[in-house]
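K.L.:
sequence first, then the predicted structure, then my questions.
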Amino acid sequence: MPSTFHDIPRERPATPLLDSLDSTAQLRALNELELPQLADELRAFLLWSVSQTGGHFGAGLGVIELTIALHYIYDTPSDRLVWDVGHQAYPHKILTGRRERMATLRQKDGLAAFPRRSESPYDTFGVGHSSTSISAGLGMAIAARLQGLNRRTVAIIGDGALTAGMAFEALNHASDVEADMLVVLNDNDMSISRNVGGMSNYLAKILSSRTYSHMREGSKKVLSKIPSAWELARKTEEHAKGMLVPGTLFEELGWNYIGPIDGHDLPTLVTTLRNMRELKGPQFLHVVTQKGKGFSPAEADPIGYHAITKLEPKPASNGISKPKFSNVFGQWLCDMAAEDPRLIGITPAMKEGSDLIAFSERYPGRYFDVAIAEQHAVTLAAGMACEGAKPVVAIYSTFLQRAYDQLIHDVDVQNLDVLFAIDRAGLVGEDGPTHAGSFDLTYLRCLPNMLIMAPADENETRQMLTTGFLHNGPAAVRYPRGTGPGTPIDPALEPLPIGKGLITRKGRDTAILCFGTLHAQAMIAAEALDATVVNMRFIKPLDTALLQQMADSHSLLVTLEENSLMGGAGSGVNEWLLANGIACPVLNLGLPDNYVEHAKPAQMLAECGLDASGIEQAIRQRLAKSN
């Protein structure tokens, strides 16, 4: 396999066996001896394909053999494969009739970045957030049983996703209802066990065999009449397995644990899955894979190659670069931590994405990565705040949705000092609607004690983080993915006056009230319209004095936000005007009442009418109607 950018073929690699397959039925018709060749071709095609489009990378390379084995043994799409998150699902897409459309991956009107039910019958469950596969698979298994269908269900979950409480809730429930399903743990970080090798693979084949299963069930029936003998046999079996496999926890939850086995050993995978397909009740297969398998840079740096844009040499730098909003947060966190020893940084498995790398290295005792456990992250922060700490929770907008109950009951009701640094607010581009931060202003604005801010640029991001940190009570700063306009950053840790906006352009007739980083687009539109622009800064509390001033001096108010129009910042303006009997006309601009499909961020903004041209056009149309 190629090991450097220069070794990646610019032309599509020759994949004669892969190209002959248009369905999984054709895959199952192959001779088992042909599967290793198919794995080589699939890995080569995936490497070339993603290098052309960008996308999630390392996990897919790691599950080539597992994906082939699952479709080879199970009668898909009749049997249900449920992929957790979807980072590992690109090989699945290629094998299920979408090979020729991979060039459209993550592009407007092209293939989605994650499994999607509307895209293919093989995509049994739409995913985006992690740790949902076992619950969804369990629901499918129960439905099949109620319908009298002999249909198999398999959930494939990564070791990172297994850290979430939801996964264990599903594991516990599945054993209680004795569901006929298989959970495959794709352990690509060896975080549970390093016990992989010939003995482990051999043991997995034995333990998954029908002969062993029949012997075990027969012995149980006989020995159950002699309680002391059965208990001795049970403990002896548990001890013997425990010396070789790490599955005691799953066995205690009621699952028949098999593994760990080498996830790149196709013969072992095929044999084990074939055996396990015939077993009844909850089955658990532990498979160890290597993230980025077959591409040495990704093998050496699985985090860096989790997702890529394009595998191509970077252009020569001109020495000028703008920090991302997440970089602004990361620098602020380190600077504020140096000033205030009470600061604690918390993230639910987003150290790299939210840029807590430097903070984790400089202040390891004050840094907590709680894994994929957003609910725990928020209540952990609440507990710390109860004892006088000043926790900062760095979390994506879409992931904070998963901890909404904790946000209300554990933080806001108690009015605790927790700062939420909400990354990826607004539209996020190619990852699509599951990852868009479309609703945070709506779900935060209704909370009584919450201070909510949206910066127009990088410098305001730093100022607002300071404001929220020094504020007595819960606070949130929401900022988008990527870079801003390049505003110079003042290194001072100075707060803003709470609830005060700023007039950034004076014009006539129309006032654009901007909440967040669409301010730059608003300024362009305002030049063409000779409109006033107000950087509102605060969603809660609103600058009502400034609102009154704008309503008194303009014939049209326009609210602008990269958030759902329903219940967002514009709704707050409407409510205040109505409550105070102010009849000034208002035009609300924001995200529409539908999920915006994946595309380039600029394309998505244009589609929603939130680029400069769209803003100008919407205002002209409203003015024309008024006249």
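P.N.:
Thanks, I have the structure now.
K.L.:
show me what counts as buried in stretch 432-449.
P.N.:
Neighbour-count burial for stretch 432-449, counted by 16 or more other Cβ atoms under 10 Å, picks out 432-445, 447. (Glycine included, C-beta is placed from N, CA and C.)
K.L.:
ditto for stretch 362-369
P.N.:
Neighbour-count burial for stretch 362-369, counted by 16+ other Cβ under 10 Å, picks out Tyr363, Arg366, Tyr367, Phe368, Asp369.
K.L.:
strands along the stretch 301-450 of the chain, start to end?
P.N.:
With DSSP state E, counting those that start in this stretch as the criterion, the stretch 301-450 of the chain has strands at 307-308, 343-347, 367-369, 390-396, 419-423.
K.L.:
select from those strands the stretch with the lowest mean pLDDT.
P.N.:
Of all the strands of the stretch 301-450 of the chain, mean pLDDT reaches its minimum on strand 307-308 (a mean of 54).
K.L.:
circling back: need the buried residues of stretch 362-369 in a markdown table (columns: distance to Leu333).
P.N.:
Converted to a markdown table, the buried residues of stretch 362-369 look like this (distance: Cβ to Cβ, whole Å):
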| residue | distance to Leu333 |
| --- | --- |
| Tyr363 | 9 |
| Arg366 | 10 |
| Tyr367 | 9 |
| Phe368 | 13 |
| Asp369 | 14 |
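K.L.:
just name the closest of these to Ala579, please.
P.N.:
Phe368 (41.7 Å; Cβ to Cβ).
K.L.:
shouldn't that closest one be in contact with Pro348?
P.N.:
No - taking contacts as Cβ atoms under 8 Å, Phe368 lies outside contact range of Pro348: 9.8 Å.
K.L.:
list the residues that contact both of the two?
P.N.:
Counting by Cβ atoms under 8 Å, 6 or more residues apart in numbering, no residue touches both Phe368 and Pro348.
K.L.:
what about the closest residue to Ser49 other than its chain neighbours, distance to Phe399?
P.N.:
Nearest non-adjacent residue to Ser49, counting by Cβ to Cβ, 6 or more residues apart in numbering: Met102, 4.5 Å away. For Met102, the distance to Phe399 equals 27 Å [Cβ to Cβ, to the nearest Å].
K.L.:
look at the two and report which has more neighbours.
P.N.:
A count of neighbours by other Cβ atoms under 10 Å puts Phe399 above the other of Met102 and Phe399, at 23 against 20.
K.L.:
name the nearest residue to that one, ignoring sequence neighbours.
P.N.:
Leaving aside its sequence neighbours, Phe399 sits nearest to Glu374 (Cβ to Cβ, 6+ apart; 5.2 Å).
K.L.:
tell me if I'm right that that neighbour and Arg402 touch.
P.N.:
Yes - contact criterion Cβ under 8 Å: Glu374 and Arg402 qualify, at 4.3 Å.
K.L.:
give me the more crowded residue out of these two.
P.N.:
For Glu374 versus Arg402, neighbours defined as other Cβ under 10 Å are more numerous around Glu374 (29 against 23).
K.L.:
what's near enough to touch that one?
P.N.:
Pro348, Ile395, Phe399, Leu400, Arg402, Ala403.
K.L.:
among those, which are located in helices?
P.N.:
Counting by DSSP state H, these place Phe399, Leu400 in helices.
K.L.:
what's the closest of the contacts of Glu374 to Asp355?
P.N.:
Nearest member of the contacts of Glu374 to Asp355, counting by Cβ to Cβ, is Ile395, at 12.7 Å.
K.L.:
relative to Ser118, how far out is the closest one?
P.N.:
29 Å.
K.L.:
against which helices or strands is whatever helix or strand Leu273 lives in packed?
P.N.:
Assessed by DSSP states H and E, Leu273 sits inside helix 266-277. On a contact count with 3 or more Cβ pairs under 8 Å, 6 or more residues apart in numbering; DSSP states H and E, helix 266-277 meets helix 35-53, helix 64-73, helix 198-207, strand 256-262, strand 282-288.
K.L.:
coming back round to it: so for Ile395 and Ser118, which sits in the more crowded spot?
P.N.:
Taking other Cβ under 10 Å, Ile395 and Ser118 do not tie; Ile395 has more neighbours (28 against 7).
K.L.:
hang on, isn't that one packed against Ala421?
P.N.:
Yes - with contact defined as Cβ under 8 Å, Ile395 counts as touching Ala421 (7.3 Å).
K.L.:
find residues that contact each of the two.
P.N.:
Common neighbours of Ile395 and Ala421 (Cβ under 8 Å, 6+ apart) are Ser354.
K.L.:
spit out the contact partners of Gln107.
P.N.:
Thr53, Glu430, His598, Ala599, Lys600.
K.L.:
and if you look at Tyr595?
P.N.:
The neighbourhood of Tyr595, defined by Cβ under 8 Å, 6+ apart, consists of Pro433, Ala436, Ser438.
K.L.:
what about the residue nearest to Phe399, distance to Gly60?
P.N.:
25 Å.
K.L.:
burial measure for Arg620, as a count.
P.N.:
Using other Cβ under 10 Å, Arg620 is surrounded by 14 other residues.
K.L.:
relative to Arg101, how far out is it?
P.N.:
From Arg620 to Arg101 the distance is 39 Å (Cβ to Cβ).
K.L.:
read off the pLDDT value for the nearest residue to Asn256 once chain neighbours are set aside.
P.N.:
The spatial neighbour of Asn256 that comes closest, neighbours along the chain excluded (Cβ to Cβ, 6+ apart), is Gln283 at 5.2 Å. Looking at Gln283, its pLDDT reads 96.
K.L.:
for Gln283, what are its contacts?
P.N.:
Applying Cβ under 8 Å, 6+ apart, the residues near Gln283 are Met181, Leu182, Val183, Trp255, Asn256, Ile258, Met276.
K.L.:
repeat that for Ala531.
P.N.:
So Ala531 contacts Arg505, Gly507, Arg508, Asp509, Thr510, Ala511, Ile512, Ala525, Val558, Ile619 (Cβ under 8 Å, 6+ apart).
K.L.:
and with 6 Å instead?
P.N.:
Residues counted as contacts of Ala531 (Cβ atoms under 6 Å, 6 or more residues apart in numbering) are Gly507, Thr510, Ile512.
K.L.:
dump the residue contacts of Arg151.
P.N.:
The neighbours of Arg151, taking Cβ under 6 Å, 6+ apart as the test, are Ala144.
K.L.:
low-confidence ranges, the stretch 201-350 of the chain, go.
P.N.:
201-246, 294-320 (pLDDT under 70).
K.L.:
same thing but 50
P.N.:
201-204, 206, 212, 215, 219-223, 230, 238-244 (pLDDT under 50).
K.L.:
likewise for the chain?
P.N.:
Low-confidence segments of the chain, defined by pLDDT under 50, span residues 1-6, 190-204, 206, 212, 215, 219-223, 230, 238-244.
K.L.:
report the central residue of it.
P.N.:
When Cα atoms, centre = their mean is applied to the chain, the residue found nearest the centroid is His129 (4.6 Å).
K.L.:
need phi/psi at that residue.
P.N.:
When read as degrees, to the nearest 10, the backbone of His129 gives phi -90, psi 150.
K.L.:
got a list of what Lys390 touches?
P.N.:
Lys390 makes contact with Arg342, Leu343, Asp417, according to Cβ under 6 Å, 6+ apart.
K.L.:
at 7 Å instead, please
P.N.:
When contacts are counted by Cβ atoms under 7 Å, 6 or more residues apart in numbering, Lys390 touches Asp340, Arg342, Leu343, Ile344, Asp417, Phe469.
K.L.:
can you get me a residue count around the first one?
P.N.:
Close neighbours of Asp340, defined as other Cβ under 10 Å, add up to 12.
K.L.:
that one: what's its closest spatial neighbour, skipping adjacent residues?
P.N.:
Spatial nearest neighbour of Asp340, excluding adjacent residues (Cβ to Cβ, 6+ apart): Lys390 at 6.5 Å.
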